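Asker: sequence and predicted model, in that order:
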Amino acid sequence: MPELPEVETIVGDLAPLLTGARIIRVQVWDPRLVRFPGAEDFNRRLTGRIIRTMTRRGKYVVVELDQGLTWLVHLRMTGRLLTRLEPGERHQRAQFTLDNGVNLSYCDLRRFGDMWAFWPGEEEHLGGFQTLGPEPLGEEYNPDWLLAAFAGRKAAVKALLLNQSIVAGLGNIYADEALFLAGIHPARSGCSLTAEECGTLAAAVKTVIAGAIAGRGTTFRDYRSGLGTVGNYQQRLQVYGRAGEPCFSCGETLERMRIGGRTSVFCPRCQLQVRQAGEI
Ligand SMILES: [Zn+2]
């Protein structure tokens, strides 16, 4: 599933190709793709609009069009935005033809992706986009924010990191990586973290996300950047996808645990579940 660094890479690649162009034709072959308004209205709203900016917020692609219309895309599990279709592509769900010769294709194997086209005042139809928490690389996301967000929360810290209203853009890969870097066990309850640990974790999230953006994201199965290339951060993953293999730091065998319906991988020695007596 594309997380913040992958979406950032896709947007960075596509924005220069799309900005300033007019959408002259919209074809949606899978009406389930459109969450708001209906598929027919969606086509009508986007057709003829000029793309002003393309940015990212959390895991969403945000396209600002002329006249104040906003086009929102969430790739979910296997969605891809491409300017060039691979030979034999069988999962194209929509195509957007621009007046500069670019054809933007939306492909999605599992069909969980979502799109919205909304005018100001229609934000109530946007679900989770409305309640996104701060960006992990922004100043608003800091130790104090994390400490306040975790206060009184008995849920596992791993589950809280995946909560998009606490921090926007994290998914399973980078939450596991950040917890390993911070030396915090994924099953610890959020409210058990000290102010110092919140500081360590906030910094670890920033380090992991910045590193993954620099590496153009992690390539797993369906991820491709907007130009069809793959990321290389998978070479730097410490724990994600490595259960049963030795910890790069201490040699202990990495373990797997089900938390909040998702698989977490962690090092039982580097990420202690309970603080040891005498440890400060
Ligand atoms: Zn270890």
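Answerer: It's in.
Asker: how many neighbouring residues does residue 60 have?
Answerer: Under the neighbour criterion other CB atoms under 10 Å, residue 60 is assigned a count of 23. C-betas here are computed from N, CA, C, even on glycine.
Asker: go ahead and confirm it touches residue 8.
Answerer: No. Taking contacts as CB atoms under 8 Å, residue 60 lies outside contact range of residue 8: 11.2 Å.
Asker: so what's the predicted local confidence for residue 17?
Answerer: What the model reports as pLDDT for residue 17 is 97.
Asker: actually, residue 41.
Answerer: Reported pLDDT at residue 41 in the predicted model: 96.
Asker: leaving out sequence neighbours, find the closest residue to it.
Answerer: Among residues not flanking residue 41 along the chain, residue 117 sits closest, at 7.7 Å (CB to CB, 6 or more residues apart in numbering).
Asker: where does that neighbour sit: helix, strand or coil?
Answerer: Here residue 117 is strand, with the state taken from DSSP: H, G, I helix; E, B strand; the rest coil.
Asker: bridging residues for it?
Answerer: With DSSP bridges as the criterion, residue 117 is bridged to residue 71.
Asker: distance of it from the ion?
Answerer: Residue 117 is 47 Å from the ion, where distance means CB to the ion, to the nearest Å.
Asker: that residue against residue 36, yeah?
Answerer: Yes. Under the criterion of CB under 8 Å, residue 117 makes contact with residue 36 at 7.3 Å.
Asker: what touches both of the two?
Answerer: Listed as contacting both residue 117 and residue 36 by CB atoms under 8 Å, 6 or more residues apart in numbering are residue 42.
Asker: which ones are touching residue 5?
Answerer: Counted by CB under 8 Å, 6+ apart, residue 5 has contacts 174, 209, 212, 213, 215, 216, 217, 218, 231, 233.
Asker: how about a cut-off of 10 Å?
Answerer: Residue 5 is in contact with 56, 169, 171, 173-174, 208-218, 231, 233, counting by CB atoms under 10 Å, 6 or more residues apart in numbering.
Asker: ditto for residue 91
Answerer: Per CB under 10 Å, 6+ apart, neighbours of residue 91: 30, 78-80, 85, 105-111, 222.
Asker: again, only this time at 7 Å
Answerer: 107, 108, 109 (CB atoms under 7 Å, 6 or more residues apart in numbering).
Asker: take the residues you listed and write them to a markdown table, including neighbour count.
Answerer: Formatted as a markdown table, the contacts of residue 91 follow (neighbours: other CB atoms under 10 Å):
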| residue | neighbour count |
| --- | --- |
| 107 | 21 |
| 108 | 23 |
| 109 | 15 |
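Asker: show me which of those is closest to residue 252.
Answerer: residue 109 (35.8 Å; CB to CB).
Asker: surely that closest one touches residue 78?
Answerer: Yes. Using CB atoms under 7 Å, residue 109 is in contact with residue 78, at 4.3 Å.
Asker: how's the protein carved up into domains?
Answerer: 4-131, 143-266 (automatic domain parsing).
Asker: show me where pLDDT drops low in the stretch 51-200 of the chain?
Answerer: Counting by pLDDT under 70, the stretch 51-200 of the chain contains no low-confidence range.
Asker: what about the strands in the stretch 101-250 of the chain?
Answerer: For the stretch 101-250 of the chain, the strands defined by DSSP state E, counting those that start in this stretch cover 103-108, 114-118.
Asker: and the last one, what does it pack onto?
Answerer: In this structure, strand 114-118 makes packing contacts with strand 34-36, helix 39-46, strand 70-74, judged by 3 or more CB pairs under 7 Å, 6 or more residues apart in numbering; DSSP states H and E.
Asker: show me where this structure has its helices.
Answerer: Using DSSP state H, the helices of the chain run over 4-18, 39-46, 143-150, 157-162, 172-182, 195-214.
Asker: residue 131: which of the ones you listed is closest?
Answerer: Across those, residue 131 has its closest neighbour in helix 143-150 (12.7 Å, CB to CB).
Asker: who's in contact with the closest one?
Answerer: Helix 143-150 has contacts (CB under 7 Å, 6+ apart) with 134, 160, 166, 190, 191, 193, 195, 198, 199, 201, 202.
Asker: out of those residues, which are buried?
Answerer: 134, 160, 166, 190, 193, 198, 199, 201, 202 (16 or more other CB atoms under 10 Å).
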